[in-house]
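Trainee: A predicted structure for the sequence below; I have some questions about it.
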Amino acid sequence: MKTLLAFALLFSLGFAPQSKDKIRVYVFTAIDPAGLVDQAQKDRLDSVRDIAGKLSGRRFVVVQTAEQADIRIEVLARGWWRAVDWDRRPAPRVGPTRNVLVVDVTLFVGADYRTNLRGSDVYTWAAAASDCANQVDRWVKDNRARILAARAK
């Protein structure tokens, strides 16, 4: 109980990350302008929710519009790769015909910077999206000072 009270006291004194220090992220996917929906769009939207949920509360605040964001993450696709064809990193010890679930995203900062990331897992789409979120987290850790400096301008 004393530990919990001490933890709450530290947060109240300002030792917790403040909302203004968190990176604002907008996670989205392309939506058909006519409002038509297909399975691929439903799958991408599912990955948008997974990535946003995983990032929320870490170093990030998920925002509702691109204009509010420091970084934007677009979910491009969700699909399968055969473990033997996959060139990013070796698949976990699986048979040669095992599929690897992948989620492809592009991370944008400002108007000029973009980088592609690919999350993967052999079991669930949510874990593949979580791998994407972990890669975004590592990228932000390396570039945090520059992102916050750009926000101040």
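Mentor: Everything's here; your move.

Trainee: Confirm that Gly119 sits in a strand.
Mentor: Yes. Inclusion of Gly119 in a strand is indicated when DSSP: H, G, I helix; E, B strand; the rest coil is applied.

Trainee: Just list whatever residues bridge to it.
Mentor: Val103 (DSSP bridges).

Trainee: any idea how far it lies from Leu148?
Mentor: When distance is defined by C-beta to C-beta, to the nearest Å, Gly119 is 25 Å away from Leu148. Where C-beta positions appear, they are placed from N, C-alpha and C, glycine not excepted.

Trainee: try Leu107
Mentor: 16 Å.

Trainee: Please work out how many residues are found near the spatially closest residue to Tyr26 that is not a sequence neighbour.
Mentor: With C-beta to C-beta, 6 or more residues apart in numbering as the measure, Ala69 is the residue that lies nearest to Tyr26, at 3.7 Å, once sequence neighbours are left out. For Ala69, the count of nearby residues is 22 (other C-beta atoms under 10 Å).

Trainee: Need the pLDDT of the nearest residue to Leu55 once chain neighbours are set aside.
Mentor: Distance criterion C-beta to C-beta, 6+ apart; nearest residue to Leu55, sequence neighbours excluded, is Ala133 at 5.1 Å. In the predicted model, Ala133 carries a pLDDT score of 97.

Trainee: No further questions, thank you.
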